[in-house]
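Student: can't give you the sequence, but here's the structure:
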């Protein structure tokens, strides 16, 4: 857990079954995501690269900076820019998310 001036981030392993789908195509599916909880943000699932269909994604030139997590890189699909991001070199406090992919839209699949 990291906490700066009331801002808290936790990263924990999850057993949730999560899936990322775009236009009916499954882009990722995992039963071993990391869940990142951050003050003022929705919970986000970070999926291991082995559970992501990276062959469908194209690297984007977009980069963003988060003062709590570090610098993010993005990937796109045709017609869906910057749909996915990852932190190749996250800050030490959230090092577990290194190279895990996060999608703007993921669904928790009921088992």
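Tutor: Okay, I see it. What you are looking at is a predicted structure, and each value in this text was computed from that prediction instead of being measured.

Student: give the next helix or strand downstream of the helix or strand hosting residue 21.
Tutor: Assigned by DSSP states H and E, residue 21 belongs to strand 18-22. Using DSSP H and E, the helix or strand that follows strand 18-22 in sequence is strand 25-30.

Student: return the distance of the next helix or strand after that following strand from the chain's centre.
Tutor: Once strand 25-30 ends, the next helix or strand along the chain (criterion: DSSP H and E) is strand 34-38. Put simply, strand 34-38 sits 9 Å off its chain's centre (Cα atoms, centre = their mean, to the nearest Å).

Student: numbering from 233 from now on, please.
Tutor: Renumbered: residue one is now 233, and that last one reads strand 266-270.

Student: what lines up beside strand 266-270 in the sheet?
Tutor: strand 239-245 (antiparallel), strand 276-279 (antiparallel) (DSSP bridges).

Student: what comes up buried for it?
Tutor: If you call a residue buried by 16 or more other Cβ atoms under 10 Å, then strand 266-270 has these buried ones: 266, 268, 270. Every residue, glycine included, has its C-beta placed from N, CA and C.

Student: just the closest of those to residue 259, please.
Tutor: residue 266 (17.2 Å; Cβ to Cβ).

Student: skipping its backbone neighbours, what lies nearest the closest one in space?
Tutor: residue 278 (4.4 Å; Cβ to Cβ, 6 or more residues apart in numbering).

Student: that neighbour against residue 265, yeah?
Tutor: Yes. Residue 278 is in contact with residue 265 according to Cβ atoms under 8 Å; the separation is 6.2 Å.

Student: now do the shared contacts for the two.
Tutor: residue 332 (Cβ atoms under 8 Å, 6 or more residues apart in numbering).

Student: mean pLDDT for the strands paired with strand 266-270: which is lowest?
Tutor: Of all the strands paired with strand 266-270, the minimum mean pLDDT falls on strand 239-245 (a mean of 92).
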